[in-house]
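1. Using only what follows, build the 3D model:
(4 chains)
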Number of protein chains: 2
Amino acid sequence: MNVTGHTRRPASIRDVATAAGVSYQTVSRVINGHPSVRPSTRERVLAAIDELGFRRNVTAHALASGRSRAVTVLTANTTHYGYASILQGIEEAARAASYAVGIGVLESADDAAVAAEVQRAADAGGGLIVIAYDPAGVRALGAVPATLPVVGVVETPASPPGGDRPWVWTDDREAAYQATRHLLSLGHETVHYVAIPSSTRRTSARTSGWRQALKEAGAPESRPVQSSWGPAGGHAAGLKLAGDTSVTAILCGNDDLALGVLRALHEAGRSVPGEVSVAGFDDAPHSAFLTPSLTTVRLDFTGLGRSAFALLHGVLEESAQVAPHPVSVPELVVRESSGPPPAGH
Amino acid sequence: MNVTGHTRRPASIRDVATAAGVSYQTVSRVINGHPSVRPSTRERVLAAIDELGFRRNVTAHALASGRSRAVTVLTANTTHYGYASILQGIEEAARAASYAVGIGVLESADDAAVAAEVQRAADAGGGLIVIAYDPAGVRALGAVPATLPVVGVVETPASPPGGDRPWVWTDDREAAYQATRHLLSLGHETVHYVAIPSSTRRTSARTSGWRQALKEAGAPESRPVQSSWGPAGGHAAGLKLAGDTSVTAILCGNDDLALGVLRALHEAGRSVPGEVSVAGFDDAPHSAFLTPSLTTVRLDFTGLGRSAFALLHGVLEESAQVAPHPVSVPELVVRESSGPPPAGH
DNA sequence: GACCCAAGTGTGACCGGTCACAATCCTCGC
DNA sequence: GCGAGGATTGTGACCGGTCACACTTGGGTC
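-> Residues are numbered from 1 along each chain as shown, chains lettered A, B, ... in the order given. All right, here's what the predicted structure looks like:
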């Protein structure tokens, strides 16, 4: 290891070459594991590398080779549980593959802003992962030039979202379907739905899974209550629904919304699950500890992030191609917030 | 704009130079806003840039100039609210300054693992921001070579953490002090404390703020209950405290712990705030919607992230130096979970 | 009209790697 | 003992920018 202080510039391969008495190309071969280097030579080079504390300059490597071992994740709102978990999964997989992870936040769904952010990500070089659960993300995915290696993280795709690009997805449709069936099976006449903002103009996958379950059960379908992402939106929606005593079961687009709904029901004096059942979506870490604890559908976001990276990795290195469109299978988690409807319903 | 399809390699400054009939150096001057370029020339170059869709190659720029306009954030656990918010703030400020943001997650506090992660971050080039609220982060900050531009995000520093490096901080001590005083002022004899893992071997700032408030009020001091970061840890700690009927007020190291404590108290049949008051830390988005809603101390994490970036930016560009050690001032938010102790206490 | 200086522009080297190809070294077969 | 051919190693150009410096101009001054 380099002990002699005041090393201004870090050592380059030519420094190492000089120290080892070989050419820079030989050093390059050693650090790239090229087979035809005499063991004794390799030994000497490795010693020099160690002594000088050499580390390959990733910038120069990227420039010369054209490959950059980097991913940029384009996402809205990293503070939301689902997004943060996906990011966590991506980072984990990227770290294992020694890729660098960059992050770009889509703050608005405005076309110009999205385009600018995509450009920034493209400038960074390397691959791209776009989390397209919301309008901004969907637009971003659409705005990625065809020449760039990209993987989309999307909800149940009705049709391939970004042309024929690779993507990974959560089976939101199935998840909503399961949760709705669960509530219906408890005896509720129907299930009301508080929706997160749709990622597209079309109906979201969650909405359509909910709708299908109702249809199959012959249950009347009410209009989904459009809401935002956070608890405040759920609270507002919950206040509306709390006023209607015919409402006995509410499915929420995510656990944050469910939290707001629970609070609103509490404020309105309606007990959960005695009078109203509530189910969420995502199984955020706090959901199990709410009072009442929240029935929800767990989605493996971290695993989804890992898949997304694996897929991109396959594209970038043309090595063993992984499954084309990995899906995260949802799992219903029944807790205290759901139960049979009150007598008389 | 470039309309003629099949452009394989993106345009370089030499391509632009040829198109504009000037030398590549002139193109370089134009994109860098160098003053001595004849307006008519600049015009022609800009037209060529636009026509070819030229964008400066950031990799080449970084290699040649030695400056990279990039920050890497080293952090544990991006799914926790505080960390995610700081990251959000950093990204926001970085985007405004058109810096790229990289992220490295410290998964273990193991020295070797931390060192490896620091190395990865160093390899990325550019500046470093280390979130040092936990042992892994603190070690990482310590492991950053002195030659690297770095800013630490730390809790109330007893002594400068990473030598004399710049840092930003939240006044955790003051925050804990305020929360504890609030509870005492309601009439509680003393306040128990459920602690997050300390960032160092020494007592954490939160702990010492709590302790000071007790001491000033002459209240008896109990041993802090050591816990983890998440609601599960809070739940376990809460179960312990719930058994002791002399406990009437609990301060929790963060809102997630508080959630677990609330749940445990509920399970033990102790009402909040009737029998026990609970206060948290951070004001996470869900805290206002819990039942009961949570009294807590709000910390401006996003602003803290912005300050951290601003500070680093100043270091990197030696431009207008900002305040040396920006601090985020805490704000007490009183909600339903705290009230006077039950009669007889 | 010669001289000086600043504005405007171009040339060559370099950042730290990689790639393509040439040159040298060995070892083996005959 | 000699040539073939693979194993090793070295050289020069290049990735797409920047930097340092040299070279034209054009105006003003005396």
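2. Can you list the low-confidence ranges for chain A?
-> Low-confidence regions of chain A, defined here as pLDDT under 70, cover residues A:1-8, A:158-163, A:199-202, A:319-323, A:345.
3. residues near residue A:223, how many?
-> For residue A:223, the count of nearby residues is 8 (other CB atoms under 10 Å in any protein chain shown). In this view, the C-beta of every residue, glycine as well, is placed from N, C-alpha and C.
4. my bad, residue A:12
-> Other residues near residue A:12 number 16, with proximity taken as other CB under 10 Å.
5. what about stretch A:140-154, start to end distance?
-> Counting by CA to CA, to the nearest Å, the length from the leading to the trailing residue of stretch A:140-154 is 12 Å.
6. mind listing what's buried in that stretch?
-> For stretch A:140-154, the neighbour count (16 or more other CB atoms under 10 Å in any protein chain shown) marks A:140-144, A:149-154 as buried.
7. Report whether the expected contact of residue A:140 with residue A:119 is present.
-> No. With contact defined as CB atoms under 8 Å, residue A:140 does not count as touching residue A:119 (10.6 Å).
8. Let me know the distance separating the closest residue to residue A:295 other than its chain neighbours from DNA strand C.
-> When the adjacent residues along the chain are set aside, residue A:295 lies closest to residue A:338, with 4.0 Å between them (CB to CB, 6 or more residues apart in numbering or on different chains). Noted for residue A:338: a distance of 57 Å to DNA strand C, by CB to the nearest atom of the strand, to the nearest Å.
9. Helix or strand: which one has residue A:338?
-> Using DSSP states H and E, residue A:338 sits in no helix or strand.
10. residue contacts, it?
-> By CB atoms under 8 Å, 6 or more residues apart in numbering or on different chains, the residues touching residue A:338 are A:182-183, A:186, A:249, A:273, A:277-279, A:295.
11. Am I right that residue A:251 is in contact with residue A:182?
-> No. Assessed by CB under 8 Å, residue A:251 is found out of contact with residue A:182, at 9.3 Å.
12. neighbour count winner among those two?
-> Neighbours per residue, other CB under 10 Å: of residue A:251 and residue A:182, the larger number sits with residue A:251, 32 against 22.
13. Please identify which helix or strand holds that one.
-> Residue A:251 is located in strand A:249-252, with elements delineated by DSSP H and E.
14. Which elements pack onto the next helix or strand after that strand?
-> Using DSSP H and E, the helix or strand that directly follows strand A:249-252 along the chain is helix A:255-267. Judged by 3 or more CB pairs under 8 Å, 6 or more residues apart in numbering or on different chains; DSSP states H and E, helix A:255-267 is in contact with helix A:231-242, strand A:249-252, strand A:277-279.
15. The first one: how far from the chain's middle?
-> So that's helix A:231-242. The chain centroid and the centroid of helix A:231-242 are separated by 26 Å, computed with CA atoms, centre = their mean, to the nearest Å.
16. need the contact list for residue A:243.
-> Counting by CB under 8 Å, 6+ apart, residue A:243 makes contact with residue A:268.
17. I'd like the distance from it to DNA strand C, if you could.
-> Here residue A:243 is placed at a distance of 67 Å from DNA strand C (CB to the nearest atom of the strand).
18. For the residue lying closest to residue A:144 once chain neighbours are set aside, which residues count as its bridge partners?
-> Here the nearest residue to residue A:144 in space, its sequence neighbours aside, is residue A:150; by CB to CB, 6+ apart that works out to 4.9 Å. Beta-bridge pairing for residue A:150 (DSSP bridges): residue A:128.
19. OK, contacts around residue A:150?
-> A:127-130, A:141, A:144, A:162, A:165-166, A:312.
20. DNA strand C contacts on the stretch 1-150 of chain A?
-> Proximity of the stretch 1-150 of chain A to DNA strand C is assessed by CB under 7 Å from any atom of the strand, with A:9-10, A:12-14, A:24-25, A:28, A:31-32, A:54, A:56-57, A:60-61, A:63-65 identified as the residues in range.
21. Just the buried ones among the residues you listed, please.
-> When those are checked against 16+ other CB under 10 Å, the ones flagged as buried are A:10, A:12-13, A:28, A:31, A:54, A:56-57, A:61, A:63.
22. so residue A:90 sits right up against residue A:74, yeah?
-> No. With contact defined as CB under 8 Å, residue A:90 does not reach residue A:74; the gap is 11.3 Å.
23. Which neighbours do residue A:251 and residue A:182 have in common?
-> In contact with both residue A:251 and residue A:182: residue A:279, using CB under 8 Å, 6+ apart.
24. just to revisit the earlier point, what is in contact with residue A:90 and residue A:74 at once?
-> Contact criterion CB under 8 Å, 6+ apart; residues shared by residue A:90 and residue A:74: residue A:129.
25. so what's the closest residue to residue A:247 other than its chain neighbours up against?
-> Once its chain neighbours are removed from consideration, residue A:247 has its nearest residue in residue A:241; the separation is 5.0 Å (CB to CB, 6+ apart). Contacts for residue A:241 (CB under 8 Å, 6+ apart) come out as A:192, A:194, A:225, A:247, A:250, A:261, A:264.
26. In helices, which of the contacts of residue A:150 appear?
-> Counting by DSSP state H, the members of the contacts of residue A:150 that fall within helices are A:141, A:312.
27. Out of the contacts of residue A:150, who's the most crowded?
-> residue A:130 (32 neighbours).
28. my guess is that one meets residue A:148, correct?
-> No. At 10.3 Å, residue A:130 and residue A:148 do not qualify as touching, with contact defined as CB under 8 Å.
29. tell me which of the buried ones among the residues of the stretch 1-150 of chain A next to DNA strand C is nearest to residue A:99?
-> Top of the list for closeness to residue A:99, among those and by CB to CB, is residue A:61 at 13.0 Å.
30. That closest one - that's part of a helix, no?
-> Yes. Counting by DSSP: H, G, I helix; E, B strand; the rest coil, residue A:61 falls inside a helix.
31. DNA strand D versus that one, what's the distance?
-> Applying CB to the nearest atom of the strand, one obtains 9 Å for the distance of residue A:61 from DNA strand D.
32. What parts of the stretch 1-150 of chain A come near chain B?
-> Listed as neighbours of chain B in the stretch 1-150 of chain A under the rule CB under 8 Å from any CB of the partner chain: A:55-60, A:62-63, A:68, A:77-79, A:81, A:84-85, A:87-88, A:91-92, A:95, A:98, A:100-105, A:107, A:117, A:119-120, A:123-125.
33. Quick one: the strands in the stretch 151-300 of chain A, in order.
-> Under the criterion DSSP state E, counting those that start in this stretch, strands of the stretch 151-300 of chain A are mapped to A:167-170, A:192-195, A:225-226, A:249-252, A:277-279, A:296-298.
34. hmm, back to that, and the residues of the stretch 1-150 of chain A next to chain B, which of them are in helices?
-> Under the assignment DSSP H, the residues of the stretch 1-150 of chain A next to chain B contribute A:58-60, A:62-63, A:81, A:84-85, A:87-88, A:91-92, A:95, A:117, A:119-120, A:123 to helices.
35. filter those residues to the buried ones?
-> Buried members of those, scored by 16+ other CB under 10 Å, are A:58-59, A:62-63, A:81, A:84-85, A:87-88, A:91-92, A:95, A:117, A:120, A:123.
36. so what's the closest residue to residue A:324 other than its chain neighbours up against?
-> Spatially, and ignoring its direct neighbours in sequence, residue A:324 is nearest to residue A:166 (6.4 Å; CB to CB, 6+ apart). For residue A:166, the contact set (CB under 8 Å, 6+ apart) comprises A:150-152, A:311-312, A:315, A:324-325.
37. hmm, back to that, between the contacts of residue A:338, which sits nearest chain B?
-> Nearest to chain B among the contacts of residue A:338: residue A:278, at 12.3 Å, using CB to the nearest CB.
38. before we move on, back to that, pick the most deeply packed of the strands of the stretch 151-300 of chain A.
-> Here the criterion is mean neighbour count by mean count of other CB atoms under 10 Å in any protein chain shown, and of the strands of the stretch 151-300 of chain A the winner is strand A:249-252, at a mean of 30.
39. Perfect, that will be all.
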